[in-house]
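# Attaching a predicted model along with its sequence, questions to come.
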Amino acid sequence: MIDFEYYTPTKVFFGRDKENMIGDIIKSYGFKNILLHYGMGSIKKNGLYDRVVKSLKDNDINFIELPGVEANPKLSLVRKGVKLVKENNIDFVLAVGGGSVLDSTKSICDSARTDIDPWEFQIKTKTPNVKKRVPFGAILTISAAGSEMSDSCVITNDETLEKRGCSNEAHRPLFTIENPELTYSVNKFQTGCGIVDIMMHTMERYYSVNDETELTDNIALGLLKSVVKAGRVVIDNPNDYNARADLMWASSLSHNGLTGSGKKYFMPVHQIEHEVSGMFDRVAHGAGLSVLFPAWAKYVYKSDIERFKRFALEVMDVENKGSDEEIAFNGIIALEEFYKSIGMPTRLSELDIYEESFKDLAYNYTFKGTREIPDRVKIGYDEALAILELAK
């Protein structure tokens, strides 16, 4: 187990109707002028917007709005948000939505008290400063990205079609409201995308390069087992509160550092997928991951058959029959079948992505030939291309 720092300052208000407390919560921090940031309008259809606005007004909190966050949040909207915060003396940003809204919020808050363009933080030529950020909080509406407790922020540059992530402690929200009932209206496809993303945040930590992390591995495997079980339930019964609650809490724990404590991880599948959904904006992040992870696993599983075997037996309930290598591989196949059962794609062709794009995707993944990821198996241009071929 390597040395690590574990920092999770986000206060979580979990349970039914907690969103009705939003005005009181913001008031308790002393904020008076806020930016209300959200997506494409679903919160108005399900009534959440009205409840939030009522609570803000009841507590005499002034607010302006910035809707329009897309599934892959865009730099152009972030820049608009930065301008609004500066011009309106905003002292707090409230994100109401899922990971995309939260990432857009984080990027706005990175830049709004500086003269630095937000893209510079995403490409790491500048580093966000906790003391200079605008504080923010969230009301979570989908269990997926884990942005509600993570230090991660991913933005797509809609001019260059580059999708880049930046991790920094400035990206931890002050608080997050998590009411599982708010996810009842999430459709089957987006629920499936969320299940995949939660699992991916944990699996890419579990399969990282460190071996002697028994406690962390047990936590990761336990979380994965719970997600698979709850995922099967909510696909058939979207209003099952306990299953939705398990997914929502798993979303937060999967990406707040807990399942990677004492490990060094690089998340190469996420990095490849960022190029897929950056170049092909129609591709949902979770759908891209459900295609790419099994392909990556088939490419690397022989590097640590025991670890893949353990996943197969403990998470996917594969029969303990045959050689270790066969069991490990059968676990990957079982994961693919699980993804199919929850309505997720497992081939790039299902996303209308074909071989003529593979070289560009692999090249972009390497940041135009300038990087390779030193994971359990090194993933550079040739390896990324091979994984894309396996996923076709």
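Looks like it came in fine. Quantities reported herein were computed from a predicted structural model and do not represent experimental measurements. Numbers count the residues shown, from 1 in each chain.

# Closest to the centroid, which residue in the chain?
Ala145 (2.3 Å; C-alpha atoms, centre = their mean).

# Nearest residue to that residue in space, please, no chain neighbours.
Gly99 (2.4 Å; C-beta to C-beta, 6 or more residues apart in numbering). All C-beta atoms are positioned from the backbone trio N, CA, C, and that covers glycine.

# Surely the residue nearest to the centre of the chain touches Ala250?
No. With contact defined as C-beta atoms under 8 Å, Ala145 does not reach Ala250; the gap is 12.0 Å.

# Now the closest residue in space to Gly260 that isn't next to it in sequence: which helix or strand?
Leaving aside its sequence neighbours, Gly260 sits nearest to Arg205 (C-beta to C-beta, 6+ apart; 3.7 Å). Using DSSP states H and E, the element containing Arg205 is helix 188-206.

# go on, Leu94?
Per DSSP H and E: strand 92-97 holds Leu94.

# after that strand, next one along is what?
Next helix or strand after strand 92-97 toward the C-terminus (DSSP H and E): helix 99-111.

# Output that next one as CSV, nothing but the C-alphas.
What follows is helix 99-111, C-alpha atoms only, in CSV (Å, rounded to 0.1, in the frame of the first residue of the first chain):
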residue,chain,number,x,y,z
GLY,A,99,-22.1,14.9,-13.4
SER,A,100,-22.2,17.1,-16.4
VAL,A,101,-23.8,20.0,-14.5
LEU,A,102,-21.4,19.5,-11.7
ASP,A,103,-18.4,19.5,-14.0
SER,A,104,-19.6,22.6,-15.7
THR,A,105,-20.0,24.3,-12.3
LYS,A,106,-16.6,23.3,-11.2
SER,A,107,-15.0,24.8,-14.3
ILE,A,108,-16.9,28.0,-13.8
CYS,A,109,-15.9,28.2,-10.2
ASP,A,110,-12.2,27.6,-11.1
SER,A,111,-12.0,30.7,-13.3
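
# From the chain's centroid, how far away is it?
13 Å (C-alpha atoms, centre = their mean, to the nearest Å).

# Tell me which other helices or strands the very next helix or strand once past it touches.
Next helix or strand after helix 99-111 toward the C-terminus (DSSP H and E): helix 118-122. If you count contacts as 3 or more C-beta pairs under 8 Å, 6 or more residues apart in numbering; DSSP states H and E, helix 118-122 packs onto helix 75-87, helix 99-111, strand 152-157, strand 162-167.

# List the contacts of the third one.
What it means is strand 152-157. By C-beta atoms under 8 Å, 6 or more residues apart in numbering, the list of residues contacting strand 152-157 from outside reads 72-75, 78, 103-104, 106-107, 110, 118-119, 121-122, 146-147, 162-168, 171, 255, 274, 277-278, 281.

# In PyMOL, how would I select the buried members of those?
PyMOL command restricting the contacts of strand 152-157 to the buried ones, with burial defined by 16 or more other C-beta atoms under 10 Å:
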select buried, resi 72+73+74+75+78+103+104+106+107+110+118+119+121+122+146+147+162+163+164+166+168+171+255+274+277+278
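
# where in the stretch 201-350 of the chain is pLDDT low?
Applying pLDDT under 70 to the stretch 201-350 of the chain flags no residue at all.

# quick one, phi/psi of Asn62?
phi -80, psi 140 (degrees, to the nearest 10).

# what's near enough to touch it?
With C-beta under 8 Å, 6+ apart, Asn62 has these contacts: 32-34.

# which one of those is nearest Leu289?
Ile34 (32.8 Å; C-beta to C-beta).

# isn't that closest one right next to Asp91, touching?
Yes. With contact defined as C-beta under 8 Å, Ile34 counts as touching Asp91 (7.1 Å).

# the more surrounded of the two?
The neighbour comparison of Ile34 against Asp91 (other C-beta atoms under 10 Å) goes to Ile34, with 24 against 17.

# host element of the more buried one?
strand 33-38.

# same deal with Tyr7?
Counting by DSSP H and E, Tyr7 is part of no helix or strand.

# Count the neighbours of it for me.
Tyr7: 11 neighbours (other C-beta under 10 Å).

# Please state the backbone phi and psi of the closest residue to it other than its chain neighbours?
Among residues not flanking Tyr7 along the chain, Glu169 sits closest, at 6.3 Å (C-beta to C-beta, 6+ apart). Per-residue torsions, Glu169: phi -60, psi -20 (degrees, to the nearest 10).

# Quickly note the distance from Glu169 to Thr8.
Applying C-beta to C-beta, to the nearest Å, the value for Glu169 to Thr8 is 10 Å.

# For the host helix or strand of Ser290, which helices and strands make contact with it?
For Ser290, the host element (DSSP H and E) is helix 285-300. The contact analysis (3+ C-beta pairs under 8 Å, 6+ apart) places helix 285-300 against helix 188-206, helix 268-279, helix 324-341, helix 381-390.

# Thanks again, I'm all set now.
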